[in-house]
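Chemist: give the three-dimensional model of this entry:
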Amino acid sequence: TDSNVTDVPVEVEVTDVTDAPPPDAGACGGRCAAAEVCCAGLCVDLLTSVAHCGACGRACGTDRASPACNTGVCVLNCMPGFSDCDRDPADGCEVNVNTDLSHCGGCGSACPRPVNQQPFTCAAGRCNPGACNAGFGDCDGNPTTGCEAEFNTNASHCGGCGRACMFPGATAGCAAGVCALAGCNATTADCDGVATNGCECPRVASVAGGEHHECALLTDGTARCWGGGMDGQLGEGMLMNRATPVAVAGLRNVTQVEGGWRHTCALLMDGTAQCWGSNSSGQVGDGTMSNRSAPVAVSGLAGVGQLAAGGEHTCARLTNGMVQCWGLNASGELGTGTGVGSARPVAVAGLSGVAQVGAGFNHTCAVKTDGTIWCWGRNDAGGLGDGTRINRLAPVQVMVTGTFTQVGGGDLHTCALRTDGTVWCWGRGAFGALGDGATTDRMTPVQVAGLAGVTQIAVGTSHTCALRMDGAVWCWGQNRENQIGNGTAMDSPTPAQV
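Modeler: Numbering: from 1, shown residues only. Modelled structure (predicted):
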């Protein structure tokens with residue numbers, strides 16, 4: 001070579017060790033092999049050196065690891081129980097996966113945050129939950145949800161896992177870890193006051209009364225009656241008076257109970273009807289005139305939507321809008337166009353589109369779907385509202401304006417609820433039964449004085465009561481036996497609040 005020519009160093013960007021130009025021995029005195037470079041005075045192979053892996057000074061960490069350099073890339077063989085979780089080879093296998101809460105058992109496998117419990121610990125690579133705080137427990141066995149169950153108020157785990165509070169017919173509660181009866185369902189009641197058997201009694205859905213007896217429809221579809229029972233009107237199968245309610249024998253799936261003078265009827269869920277009690281005029285409807293001390297089916301009757309019981313007759317509104325009646329017909333109360341009674345249901349003549357039917361002692365009325373009122377039967381006091389005192393064997397229209405939703409009959413008077421919340425009455429006015437401030441008979445309806453906002457009426461023998469939308473009850477008429485409920489025994493010709 002020419003002695004005047006010297007080597008001039010050229011700076012080359014090296015991206016891959018295997019493609020680098022032959023190394024300059026530099027400080028190493030030119031002693032480095034072709035695959036080596038000089039790093040800090042030492043010839044090293046960047047492909048295999050753990051101190052200079054891939055570049056001078058790039059050391060592979062040795063902390064808790066057995067390092068290796070493979071084609072310029074550090075490979076750490078971690079000691080058992082350790083891992084390189086930060087992916088930085090320079091600090092070796094920095095994490096103890098046996099005890100680290102953030103990497104328990106493996107990188108990124110963090111122990112859950114404590115929920116209602118003491119902190120977790122990591123032992124042998126396994127997350128161990130801390131003890132539950134007082135009043136809490138791990139009932140689902142899932143450590144990620146911690147001690148999720150609260151024992152003091154949780155009715156599903158009251159006082160401990162799986163200790164569910166349950167009471168028949170009731171809503172269960174948990175107080176201080178002890179099961180408690182929180183309240184009865186809408187259809188049940190706690191009659192015996194014993195919490196352990198829950199709410200064992202059905203509630204009363206509605207009440208109906210006769211001359212000397214009362215019956216209640218319960219929310220379980222059964223019925224109970226009490227009072228005078230010498231004609232079998234209590235339906236228990238015996239002829240006895242009862243001072244407390246007795247179950248009506250064999251009666252199930254009842255949707256309505258209706259009380260007549262000395263007989264009782266029930267509408268069943270399947271649209272049939274059963275009656276019991278006095279049957280001297282065939283008002284039970286079984287085709288006989290024998291008293292019945294237990295329910296019997298009304299003969300040939302089906303598709304019933306509502307029942308109405310009078311003195312000695314009974315009527316049914318069918319779901320097709322027709323009306324059928326049976327029993328006494330001496331005043332035309334069956335509405336057949338004749339005065340002949342029937343021990344089986346017969347159709348009311350010329351009447352259709354009926355929405356509701358109500359029975360008085362010897363007369364019957366119906367509200368049609370168009371809001372008009374039609375009545376038939378006894379009329380000597382004007383109880384039919386047609387402007388006369390003539391008994392009617394078939395329905396006649398009541399002479400009143402407006403549309404009505406409900407009608408009910410007493411002994412010789414009738415009252416009806418108009419859609420505007422007012423009440424109108426007609427017929428016998430003795431004792432103030434019409435509520436217009438007088439005691440005069442009225443052949444056509446008059447408005448009950450000072451009463452508005454009414455949602456329901458109930459008509460007795462010579463008195464009437466109304467339920468207002470504010471929940472108040474007002475009554476008027478005869479009060480000899482305190483039936484008005486205003487704290488006196490004086491008749492009231494205008495409404496008095498109960």
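
Chemist: rest of the way, CA atoms for contacts and neighbours
Modeler: Will do.

Chemist: what lines up beside whichever strand or helix holds C325 in the sheet?
Modeler: Applying DSSP states H and E as the criterion places C325 in strand 323-327. Applying DSSP bridges, strand 323-327 is found paired with strand 313-318 (antiparallel), strand 342-347 (antiparallel).

Chemist: pLDDT (mean, whole number) over the first one?
Modeler: For strand 313-318, the per-residue pLDDT values average out at 98.

Chemist: mind checking how far it is from the chain centre?
Modeler: Chain-centre distance of strand 313-318: 33 Å, with Cα atoms, centre = their mean, to the nearest Å.

Chemist: likewise stretch 471-491?
Modeler: Distance, stretch centre to chain centre, for stretch 471-491: 37 Å (Cα atoms, centre = their mean).

Chemist: same question, stretch 449-465
Modeler: Distance of stretch 449-465 from its chain centroid, counting by Cα atoms, centre = their mean, is 32 Å.

Chemist: return the set of buried residues in it.
Modeler: Within stretch 449-465, the residues scored as buried using 16 or more other Cα atoms under 10 Å are 449, 451-452, 454-465.

Chemist: quick one: average confidence on it?
Modeler: What stretch 449-465 shows for mean pLDDT is 96.

Chemist: that stretch: end-to-end distance?
Modeler: 13 Å (Cα to Cα, to the nearest Å).

Chemist: ok, residues contacting that stretch?
Modeler: 361, 406, 408-417, 420-423, 430-437, 466-470, 473-479, 483-484, 494-495 (Cα atoms under 8 Å, 6 or more residues apart in numbering).

Chemist: would you list the buried entries among those residues?
Modeler: Buried, going by 16+ other Cα under 10 Å: 361, 406, 408-417, 421-423, 430-437, 466-468, 473-479, 483-484, 494-495, out of these.

Chemist: which ones among the contacts of stretch 449-465 lie within strands?
Modeler: Judged by DSSP state E, those include 406, 408-409, 413-417, 423, 466-468, 473-477, 494-495 as members of strands.

Chemist: which residues does the nearest residue to L351 once chain neighbours are set aside contact?
Modeler: Among residues not flanking L351 along the chain, M322 sits closest, at 6.4 Å (Cα to Cα, 6 or more residues apart in numbering). Residues near M322 by Cα under 8 Å, 6+ apart: A347, V348, L351, S352, G353, V354.

Chemist: now swap in E211 and tell me
Modeler: G260, W261, R262.

Chemist: likewise G162?
Modeler: Counting by Cα under 8 Å, 6+ apart, G162 touches C139, S156.

Chemist: and it, what's its pLDDT?
Modeler: 93.

Chemist: one more: the one 5 residues further on?
Modeler: Per-residue pLDDT puts F167 at 91.

Chemist: excluding covalently adjacent residues, which one is nearest to P114?
Modeler: Distances taken as Cα to Cα, 6+ apart place G146 nearest to P114, at 6.1 Å, with adjacent residues excluded.

Chemist: show me the contacts for the one you found.
Modeler: P112, R113, P114, V115, N116, Q117, P129, D138.

Chemist: list phi and psi for the closest residue to H413 other than its chain neighbours.
Modeler: Leaving out its chain neighbours, the residue that sits closest to H413 by Cα to Cα, 6+ apart is G427, at 4.3 Å. Main-chain dihedrals, G427, degrees, to the nearest 10: phi 110, psi -140.

Chemist: mind checking how far G427 is from C161?
Modeler: Distance from G427 to C161, counting by Cα to Cα: 69 Å.

Chemist: quick one: which of the contacts of G146 is nearest C32?
Modeler: C32 lies nearest to P112 out of the contacts of G146, by Cα to Cα, at 54.6 Å.

Chemist: pretty sure that closest one contacts C147?
Modeler: No. Counting by Cα atoms under 8 Å, P112 does not reach C147; the two are 11.5 Å apart.

Chemist: quick one on the thing from earlier: can you tell me which of the buried residues of stretch 449-465 are in strands?
Modeler: Using DSSP E, V454, T455, Q456, I457, A458, V459, H463, T464, C465 are the members of the buried residues of stretch 449-465 that sit in strands.

Chemist: farthest pair within these?
Modeler: Applying Cα to Cα across these, the maximum distance is between T455 and H463, 17.5 Å.

Chemist: one step back: so for G427 and C161, which sits in the more crowded spot?
Modeler: More neighbours sit around G427 than around the other of G427 and C161, counting by other Cα atoms under 10 Å; the figures are 32 against 17.

Chemist: partner residues bridging the more buried one?
Modeler: The residues that G427 bridges to, once DSSP bridges is applied, are H413, R442.

Chemist: pretty sure V95 is touching P80, no?
Modeler: No. With contact defined as Cα under 8 Å, V95 does not count as touching P80 (11.0 Å).

Chemist: okay but C184 is in contact with A170, surely?
Modeler: Yes. C184 is in contact with A170 according to Cα under 8 Å; the separation is 4.2 Å.

Chemist: which neighbours do the two have in common?
Modeler: Shared contacts of C184 and A170, defined by Cα under 8 Å, 6+ apart, are found at G198, C199.

Chemist: isn't A195 right up against L181?
Modeler: Yes. A195 is within contact range of L181, at 6.0 Å (criterion: Cα under 8 Å).

Chemist: got any residues that touch both of those two?
Modeler: Common contact partners of A195 and L181 (Cα under 8 Å, 6+ apart): F167.

Chemist: quick one, which of the two is more surrounded?
Modeler: More neighbours surround L181 than the other of A195 and L181, with 22 against 17 (other Cα under 10 Å).
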